[in-house]
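Chemist: With the sequence up front, the predicted model follows.
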Amino acid sequence: MHEELERVRADFRQLVESADDEVLQRQSNGTRWNNRQLLFHMLLGYLIMRALLGLVRVFGRLPRGASRAYARLLNAGTRPFDEVNFLGSYAAGRTVSPARMVVMFDHVVDKLHRRLDAESDADLARGMHYPTRWDPFFKDYMTLADVYHFPTQHYDFHREQLTLG
């Protein structure tokens, strides 16, 4: 997992630093975002990790039915989630500078490395049900290890939608 984090950190920096403003404003492939907004959305997959890890820590200690019910509730709210997800990346991608995105990416990856180092095998095996309608990489049941892998799957998928060159 550490190697995965370092791979995407280096890749994100290279993508952002090699793109000029014209390329960043170009429409991405298959999304409603331009490249700059999509890059922010890719960063967002890592920024939300604090919340996702916290959910597993709480629900992973409860009976599975609790997270199953929570996942059903979240799945019912998919439409509003999709709008917030789109608008958040749309707005932040217009206001957060590319240089700031790189700094944010470095910061969040550093934090994830430290948190991962502190996890025990029992922690990594604990899991919960997730809202499968929210993201194609959310599985019905995900362990903490799965959650650590999620943002890279999300990143790699969206990387293919960039139209940087």
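Modeler: Thanks, I have the structure now.
Chemist: which residues touch the lengthiest helix in the chain?
Modeler: Among the segments of the chain that qualify as a helix by DSSP state H, the longest is helix 98-118. Here helix 98-118 makes contact (C-beta atoms under 8 Å, 6 or more residues apart in numbering) with 1-2, 5-6, 8-9, 12-13, 16-17, 19, 24, 36, 39-40, 43, 46-47, 49-50, 53, 96, 148. Where C-beta positions appear, they are placed from N, C-alpha and C, glycine not excepted.
Chemist: Surely Gln153 is in contact with Phe137?
Modeler: Yes - between Gln153 and Phe137 there is a contact at 4.3 Å, judged by C-beta atoms under 8 Å.
Chemist: who has more neighbours, the two?
Modeler: Neighbour count, other C-beta atoms under 10 Å: between Gln153 and Phe137, Phe137 has more, with 19 against 16.
Chemist: Show the backbone phi and psi for that one.
Modeler: Phi and psi for Phe137, reported as degrees, to the nearest 10, are phi -100, psi 0.
Chemist: just checking, it touches Phe157?
Modeler: Yes - using C-beta under 8 Å, Phe137 is in contact with Phe157, at 7.3 Å.
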